Each structure stands twice: as C-alpha cells, then as structure tokens.
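*Asks:* pasting the sequence and the predicted model now:
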Amino acid sequence: MQEKYCPTELESALQQYWDEHQVYLASEKPIEASDTAKPSQKGQKFYCVSMLPYPSGALHMGHVRNYALNDAMARQARMQGRNVLMPMGWDAFGMPAENAAIAHGVSPAKWTYANIASMKKQMQSLGLAIDWSREVATCDPQYYKWNQWFFLKMLKAGIAYKKTGEVNWDPVDQTVLANEQVIDGRGWRSGALVEKRQIPMYYLRITQYADALLEELDGLGWPDRVKAMQRNWMGKSTGVNVCFPYELEGESKQLRVFTTRPDTLLGVTFCAIAATHPLATHLAKNNPPLQAFIETCRQTGTAEADIATQDKKGMATGFCVTHPLTGKPIEVWVGNYVLMHYGEGAVMGVPAHDERDFAFAQKYSLEIKPVIAWPDSEYSTEVWSEHYGSQEGGSCINSGSYDGLSCAKACEAITEDLVARGLGEKKTTWRLRDWGISRQRYWGTPIPIIHCATCGDVPVPEEDLPVVLPDNLMPDGSGNPLAQCADFIHCTCPQCGAPARRETDTMDTFVDSSWYFMRYTCPDATQMVDERAAYWLPMDNYIGGIEHAILHLLYSRFWTKVMHDLQLIHITEPATHLLTQGMVLQDTFYRENAQGKKTWFNPGALTFTRDEQGRTIEALATDGEPVLRGGLEKMSKSKNNGVDPQSIIDQYGADTARLFILFTAPPTQKLEWSSSGVEGSHRFLRRLWNFAYTHGVALKAAAGNAAPVAGLPEDQQALRRDIHSLLKQVEFDYQRVQYNTVVSAAMKMLNTLEAFQNQSSNAKSAQSVVREAYSILLRVLYPLVPHITHTLWDALNYHVEHATSLLDAPWPQVDETALVSDYVELVLQVNGKVRGQLRVEKDATREAIEKTALEHEAFLRIATEGPVKKVIVVPGRIVNIVL
Ligand code: ANZ
Ligand code: ZN
C-alpha cells in the first residue's frame, strides 16, 4: 500500500476497473422468498433517479450535489442487499441549443451531442454508480418516437385536442416568443413591442385529471412544501356562481360572477368585468374611451401572479345590472385586475372585505359597505384589513334577514336563497389550465400531424413514426427553420394521397421529461415501455431542485396517470419519495462604476485578508484594489460566483468534493461553499488513509481472527461500545437521509480509533477489535466516498475476509451486546458539589463503591478539608462524600 493518499491516480484506476467489470449494470431479478424480510427489504428493487440534466456543456455544483446524494443512497441500498438501478440521461431538446446556434453558428444537434460527451466524462470522474447502458437522450429519434406515438394515442382518446391559443409575437423578428424571451413587454432580440396573437395549438387535458392529481398528493412521501405548491398551483376553489340580471336591447340577460364569499353579497357596491369579457366588448361599441381603455388592457395583459400587487385600473361603463337579492342597480366597471380565464371573468366588488376590491374602490371613490363584523372592532380600514380573506369569528351586519349569522351559516343561507330564485349555483373552480404543448420552435419533438386540404388534420400513421427532426438546420432568430424546410414540410396525405403539409410545431420540452424515467427501465424496447417498467417503477426516490416542484412534477404525474389509464403501466404516481436538494451558495463580490453598473468577481480569483477568527476583513482583486462583498447567493454565471466542480476534482479528487458537499449541510438545506471546508474534508480523508497505512501490517495480521466479543479488557470493550453506538446513529441517519451527521459520526469513529491505537497495548486481540471497528468505518463511509474506501478495503484484505469488494459488502450490523456496559459511571460529589466521575463495575457492592470513591484522586485533593462524616450512595447515579 502506498504511503501517500493520491486521489487522482487511485480514482481513475478504480473508475476504469468499475467500468471494465460493468459493476453497475442492473438487471431485473425476481424476489426470492428469503429476501423479503424487512427491515432491509433485501432482494427488493431500489430505483433512484436524479432529475435529468440539461446538457449545457459543464456540470455545476448543483449537479454534483444532486448526484452525490443519489449515489450515496444507491450504494447504501446495494450494501443492504437491494437490487439497485441508478440511471442517467439528457434533457436534450430546448431553447439554449437554438440560442447557441444563433450565437456561434453551430447546429443545435452538434452542440448538444458535444455537450453530452463532455458532461458525461465529468460525471464519470465523480465515480457515480450509474448504469450507463440505460442512457437516454431525449433528442434521440428512438426516444421521441414514443412522445409522438403517445401523443397520437392521447389524440384518439380525446386527451389531446386542438384549440386556438394566445402566443407572444415579435413583429420585427416575425417569430413567436417564449415567455422568458419577452423582457418588459419587448422581444429579447429585436426589442420590438410584443403582440398577442391567436393561433391553433395542441393541448393536453390535464384539467380532466385535476381531482386525481389533488387527491393522490396526500399519499406521497414528498416534502410538504412541494405538495403545498402543487395544491396551490392547481388552485381548487369551491364557491358560488352568482347571477346579476340585466336588460340589454330588450333582452333579459345575466352577468355571472364567481365568488367564494356569498356571505358578503349584501356588501356588493359594484361589479367588475375583464377587458375581454363579451359584455365589455358589447358596451364599448358606442363608447370610444372605453374602447381605448380595453385596448390598452389587452396589450399589457394581466399575469395572474401580478393581480394582487399591480396597479388597479378601471373604467365605468355607465351600465347597471340588478342585485339578485336587493333588486338595486349595481354599476358595471371594466377592471384590469379581473382575469378573463378565471371563474366567469367577472367579479362582484365587495370593497369592505376584499383587498383588491378595496384598492379599486379607493382609487375610484366607490362606496365601501361593511357587511361582516368581528367582535370588539369598529370598522376602519386598518382594523379590517387584518380580516381580509377571513371568515373566522365574523358574523353578518347590514344584511337584512341574514344579520347575526356567522359567515359560514350566511354562506349556506344566501346560497340556498340564490339557488331557490334561480340566480345562483354551487361551483368548483380550478386555477389549473389545460397544458398547451405546441411550440413554434425547431429543436424539439415534431408534432406528428399532416395537414391535408381535403382531409384536414391527419395523424401520421404509426408505421411512419418517428417523424424525424432534420438535425442539420440552423436557427437564425427569425422564426422556426422547420417552417422553411421544404424537405420536411412537403409530404403526401396518408388518407387521400394528395400533396400535403407537415405540422412544423414541436412539443414543449416538458413532454420529454414527463416519462424518461420510465424509458430508463427499457431503453431498447420496441414499444413505449415493456414489462421491465413494471419491475422498476415507481421510482423509490427522485431527487431534484425545488424549482421543479410545480410544472415538471405535475406534468409527469399527469403523464403517468394517462399512461396508466391507457394501460401501459401499472402505477399512477411516478415516485413514492422525493428529495428536493438545497441550493449551493457562495459569497459574491463586485465593483460598481459611476453609472451603477456592477462587475462581479469570482471569489476564487480574490485574495482575502482575514482576522484571527477567520472573518474576512478585505477582499482584493488581482489588481490589488479591494472589491465589495455582495452577500451569499446561489452559484451562477451572472454573479460570477460559481466553482467549477472539475477544478475541485482535479485538485483534491472526487471523494473530497463529494465528502465536502455531503458533510457541510443536510441534503435539503442550503449549502455554503467554503474552500477551507474543502481542505478540511480532504484532510480527513488523508487521516483515514494514514490510519490504514500506519496500522496496516498489524490489521492485516489480525485478519481471520474472529473478533472476540465477550470478556474483553475494558478499553477494548469501550472501543466496541463507542463504534457500535456510533454505527447505530449512522444507521438512523442513513434512513432519514442525513449524510452530514453520518460524516460526523465517521469522524468520531476515526478519532476513537486513533486514540485507542495511541493509548492501548498492541495485543493481538486488540487488533482484532480495531480491525472490526475500521471495517465498520470503511463501510459507513463507502456510499459517500467510494474510491478511497474501496481501495483501503482491498488493501487491508477485507475483500478476502468478506469474500467481496466493498460494492456488495454486507451493511454492518449493530452488535447490541456491545452497547451494554459492564461498568457504570457515577457522579462523585463532595458536600453536594460535583467533583468528578467515578467508574465502577455494574454489580459492585456499596462497600466497593465507597472504597473507590474515597480513593478517587478528585476526592483526595480536597480530603484534608475535614473528616469524612458519611458517604451517601445513590445506586447507578451519585456518590456524595460528606465532610
Ligand atoms: C367576492 C369576495 C368577497 C371575494 C370577499 C373574496 C373575498 P380564489 O379563492 O382564488 O378562487 N374572483 C373571481 N373571479 C375572478 C376573476 N376572474 N379575476 C379576478 N378575481 C376573481 O378567489 C375567488 C375570489 O376571487 C372570488 O371571491 C372573487 O372575489 C375573486 F370578501 O368574490 B370574491
Ligand atoms: Zn387527404
């Protein structure tokens, strides 16, 4: 064994060995009856997946964190005897590839595949237990063929459909823009004011699954925060549609509004409708100012997220509807805070009890009429604003026969009365909208539809799939190059054989990521998924960032349910457990010029002066001048505070990078990067190595001697007790995925071992105990730092003793008998004051305990202060010597 720990050589040699022996190749195995015993779930499959990366070109620390967590989980599960699959793939379609093409003139396909190659190499240098035979790239026709196939299935089942939808249109670049390409209402490239356009697009009926998506959240082992975000996004809301009758051009009609608060109906002082509401359009016909107002509203649009905060704007129409209960006229306004696509596109304005209505009423001096009162508070806007949105403790006032009813009771009573008069009905509303999947872009899955002048929209026949995306086109920012590609567009109609045109829209990339984790199970299947999917699914753990808490996870849950209903898979949820890893943060540093423009400096290139406590006093750039500190931020290009994982791997090795990341914070918490922390992790690994090097000969010599467990000398017993109680903690920490405390326990193990070796006799029996302890330490650390531990395991011949490399070494078992001690610790007091600790045999007699106490050096030091009056022994706890 080498004296010096050289991670770079050791790691690449080992990775090559793993690779050559295909040690991470997974296969489907039937569970043997003997394997099903809990708690280890021996023999059962364990399928853990990291959210697939976008091939941007290089790994960042967030990736490393995600994969290190997944790897730790996978390796430990394997040691517990589970059949593990950890795959990897590439979310390879999408806009960055098109942007790179525009910026650098390289085709999206070339750019993407080159990036995949370099990122894969980086992943391999991390030593991840990935089964690369199952690699999936979503831009591979063999993958997206099944997007197309399933889209056509959904079309047939009525889950996919075509409808006119609104897109952002850049009039200068003549192209549709994605939302993120619209910056302050202008196109990102042209700077032109973006217009809204109506075009036909394909949608998936996710709303049909809203109830199932909501209900099944409850049973998932997912973070509460993620579940709450999904619930919010779906936004189920139960309320009432209330009708306000009116006469228009001699006809009786009704304005319908959706409200969750019918108890406030008597407090309505106006109604507000969306700018695109049909009534608004009608009333604007002979009202040019209203027409102009509606036009400005239409142009700016209303993002749902801004409703609460945006400046409320409105205009009176001069038109009145009738209050359904009082019969009084209520004026109709057009308001920019009313969404056309929510509820009925109209609201009843209750400014006394709704925050948005209040802001609107204040601005336009509309009446504010309180109809709910809370005990002990006069109506004033300050006091009342505390109750916005709340019904708790409130009861009706100024509401005629409803006065005195609690809000809940009033809701029931008023709803009943409205229903009886035919002016209301109970209604459930969702925020969730159907999923529009058409994108007017090149680098995505072609939508497999052919447009024929005679037959209309014709699905591409199954045997003609995939519709292959030409991979040599060059986007230039002026629109979808597919729409200019004659070879792609021109085709014949599968129904009538006449010349026809291919659809040039591609699918939203969220389609690609909605089911890739199923394809991993059978990447070479000649159908979408085969029976191997039934073996591996659902994912036992899914790991990714919180930024995917809503869309990706909702879409893949939806997709899974549809695949289930179309009888392709047996599961209805993709993952039983979800781990959302925390972000990796680092300090930011900048200089500001006279115009207030900031230049960011990479912390790695700065020189720091620190005080004695290690706090930064000053940071200097390479020009010797100071830079300012901007605070901790997520590592990013824009703040130039990223650390390149490769540089850490090159300098310290993958094990150090992994250990630092897993040790520094619990997996779900933010992780603060620190170069001193990286060095500390590296030092620990060196100590681990040195221990094996220093004691290697003795430890190897002890191999094969079954470690005696009974009748050990006290110091050996203590060593076993310490190691096994730490192991017990480690086991608990592995279960709850708290690798940071696993590392602290491992550090304590090593400290204990070092202390033991320095103090104890080198008796042979002692080395058997040390050998056992060190083997536990190696196994506990292995899932986190596989290279060094794997190497040391072999170097000390544990692989011979256990007849396996660390990959399949049995997970160490806590020896409960080691935890019980033959000794007890008592507190030694003199005149009731604590003076020290006393160690006695567990079944020692009172006389023996007294004797030990009176001979204890802590007592002898002060024994001269007076004669001993008596000795009080509280068994198992205290000895008090009274002078
Ligand atoms: C009167 C009222 C009084 C309301 C009150 C609230 C509080 P959620 O819970 O999110 O479903 N609303 C209805 N349709 C709307 C639309 N198209 N655009 C903007 N706002 C709309 O919200 C339901 C409430 O949002 C409804 O209940 C309505 O205001 C408003 F003290 O009606 B409420
Ligand atoms: Zn045709």
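*Replies:* Thanks, I have it. Ligands and ions are numbered 1, 2, ... in the order given.

*Asks:* where does the stretch 351-500 of the chain dip in pLDDT?
*Replies:* 381-383 (pLDDT under 70).

*Asks:* interface residues of it facing ligand 2?
*Replies:* When proximity is defined as Cβ under 5 Å from the ion, the stretch 351-500 of the chain approaches ligand 2 at 452, 454-455, 493, 495-496. All C-beta spots, glycine's among them, are computed from the backbone N, C-alpha and C.

*Asks:* pull out the buried members of these.
*Replies:* By neighbour count, with 16 or more other Cβ atoms under 10 Å, those hold 452, 493 as buried.

*Asks:* enumerate the residues of this structure near ligand 2.
*Replies:* Residues of the chain found near ligand 2 (Cβ under 5 Å from the ion) are 452, 454-455, 493, 495-496.

*Asks:* in a strand, Met315, correct?
*Replies:* Yes - the assignment for Met315 is a strand, going by DSSP: H, G, I helix; E, B strand; the rest coil.

*Asks:* OK, contacts around it?
*Replies:* 289-290, 293, 333-334 (Cβ atoms under 8 Å, 6 or more residues apart in numbering).

*Asks:* look up how far Asn705 lies from it.
*Replies:* For Met315, the distance to Asn705 (Cβ to Cβ, to the nearest Å) stands at 92 Å.

*Asks:* check Ala858 too.
*Replies:* Per Cβ to Cβ, Ala858 is found 39 Å from Asn705.

*Asks:* check Arg82 too.
*Replies:* Arg82 sits 31 Å away from Asn705, going by Cβ to Cβ.

*Asks:* neighbour-wise, which of those two wins?
*Replies:* Arg82 (20 against 14; other Cβ atoms under 10 Å).

*Asks:* and the more buried one, what is it in contact with?
*Replies:* Neighbouring residues of Arg82 by Cβ under 8 Å, 6+ apart: 40-46.

*Asks:* remind me what the longest helix anywhere in the chain packs against, helices and strands.
*Replies:* The residue-count maximum for a helix in the chain (DSSP state H) belongs to helix 675-701. Helix 675-701 sits against helix 645-652, helix 654-664, helix 739-759, helix 764-781, helix 786-795, with contacts defined as 3 or more Cβ pairs under 8 Å, 6 or more residues apart in numbering; DSSP states H and E.

*Asks:* next SSE after that helix?
*Replies:* Later in the chain than helix 675-701, the nearest helix or strand by DSSP states H and E is helix 714-735.

*Asks:* quick one: contacts of that following helix?
*Replies:* Residues contacting helix 714-735 (Cβ under 8 Å, 6+ apart): 76, 709, 712, 739, 741-742, 745-746, 748-749, 752-753, 756, 759-760, 765-766, 769-770, 772-773, 776-777, 780, 783, 812, 814-815, 818-819, 821-823.

*Asks:* for the longest helix of the chain, which positions count as buried?
*Replies:* Buried residues in helix 675-701, defined by neighbour count with 16+ other Cβ under 10 Å: 677-678, 681-682, 684-685, 688-689, 691-693, 695, 699-700.

*Asks:* ok, of the residues you listed, which one's closest to Thr259?
*Replies:* Proximity of these to Thr259 (Cβ to Cβ) peaks at Gly677, which lies at 54.6 Å.

*Asks:* thought that closest one was touching Phe660?
*Replies:* Yes - in this structure Gly677 lies within contact range of Phe660 using Cβ atoms under 8 Å: 5.7 Å.

*Asks:* which SS class is the closest residue to Arg846 other than its chain neighbours?
*Replies:* Sequence neighbours aside, Val873 is the residue nearest to Arg846 in space, at 5.5 Å (criterion: Cβ to Cβ, 6 or more residues apart in numbering). Secondary structure state of Val873, per three-state DSSP, is strand.

*Asks:* need the three-state assignment for the nearest residue to Thr506 once chain neighbours are set aside.
*Replies:* Excluding its sequence neighbours, the residue lying closest to Thr506 (Cβ to Cβ, 6+ apart) is Gly444, at 3.1 Å. Under three-state DSSP, Gly444 falls in the coil class.

*Asks:* for Gly444, give me its contacts.
*Replies:* Gly444 touches 93-94, 469, 506-509, 512, counting by Cβ under 8 Å, 6+ apart.

*Asks:* quick check: the residue of the stretch 601-750 of the chain nearest ligand 1.
*Replies:* Using Cβ to the nearest ligand atom, Thr668 is the residue of the stretch 601-750 of the chain that sits closest to ligand 1, at 29.1 Å.

*Asks:* read off the pLDDT value for the closest residue to that residue other than its chain neighbours.
*Replies:* Nearest residue to Thr668, sequence neighbours excluded (Cβ to Cβ, 6+ apart): Gly582, at 5.4 Å. For Gly582, the pLDDT comes out at 96.

*Asks:* what's the answer for Val820, then?
*Replies:* So, for Val820, pLDDT stands at 84.

*Asks:* what's the burial count for it?
*Replies:* 9.

*Asks:* on that earlier part again, mean neighbour count and mean pLDDT added to the helices and strands packed on helix 675-701, as CSV?
*Replies:* Listed next are those as CSV, based on neighbours: other Cβ atoms under 10 Å; pLDDT from 0 to 100:
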stretch, mean neighbour count, mean pLDDT
helix 645-652, 18, 96
helix 654-664, 26, 98
helix 739-759, 18, 96
helix 764-781, 23, 93
helix 786-795, 23, 98
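
*Asks:* mind putting these into a markdown table with distance to Arg65?
*Replies:* As requested, the helices and strands packed on helix 675-701 are arranged in a markdown table below (distance: least, Cβ to Cβ, whole Å):
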| stretch | distance to Arg65 |
| --- | --- |
| helix 645-652 | 10 |
| helix 654-664 | 5 |
| helix 739-759 | 11 |
| helix 764-781 | 18 |
| helix 786-795 | 16 |
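
*Asks:* just the ones of the contacts of Met315 in strands?
*Replies:* Mapping these onto strands (DSSP state E) picks out 333-334.

*Asks:* who wins on neighbours among the contacts of Met315?
*Replies:* Among those, Val334 has the most neighbours (other Cβ under 10 Å), with 24 neighbours.

*Asks:* beta partners of that residue?
*Replies:* Legend: beta-bridge partners of Val334 under DSSP bridges are Ile273, Met315.

*Asks:* I'd assumed Leu126 was in contact with Gln15.
*Replies:* No - Gln15 is not in contact with Leu126 according to Cβ under 8 Å; the separation is 9.1 Å.

*Asks:* what about the two, which has more around it?
*Replies:* Neighbour count, other Cβ under 10 Å: between Gln15 and Leu126, Leu126 has more, with 24 against 18.

*Asks:* give the contact list for that one.
*Replies:* Residues in contact with Leu126, defined by Cβ under 8 Å, 6+ apart, are 64, 67-68, 71, 645, 649, 654, 657-658.

*Asks:* got these as JSON lines, with distance to Tyr144 columns?
*Replies:* Below are those laid out as JSON lines (distance: Cβ to Cβ, whole Å):
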{"residue": "Val64", "distance to Tyr144": "28"}
{"residue": "Tyr67", "distance to Tyr144": "25"}
{"residue": "Ala68", "distance to Tyr144": "30"}
{"residue": "Asp71", "distance to Tyr144": "28"}
{"residue": "Pro645", "distance to Tyr144": "30"}
{"residue": "Ile649", "distance to Tyr144": "33"}
{"residue": "Ala654", "distance to Tyr144": "33"}
{"residue": "Ala657", "distance to Tyr144": "34"}
{"residue": "Arg658", "distance to Tyr144": "34"}
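
*Asks:* nearest to Glu344, of those residues?
*Replies:* Checking the contacts of Leu126 one by one against Glu344 (Cβ to Cβ), the nearest turns out to be Tyr67, at 48.3 Å.

*Asks:* quick check: mean pLDDT of whichever strand or helix holds the closest one?
*Replies:* Taking DSSP H and E as the definition, Tyr67 sits inside helix 61-79. Across helix 61-79, pLDDT averages out at 97.

*Asks:* now it against helix 714-735, angle please.
*Replies:* Counting by axes from the mean of the first three to the mean of the last three Cα atoms, to 10 degrees, helix 61-79 lies at 120 degrees to helix 714-735.

*Asks:* if we can go back for a sec, and the residues of the chain next to ligand 2, which two are the farthest apart?
*Replies:* Across the residues of the chain next to ligand 2, the longest distance by Cβ to Cβ is 8.1 Å; it joins Thr454 and Gln495.
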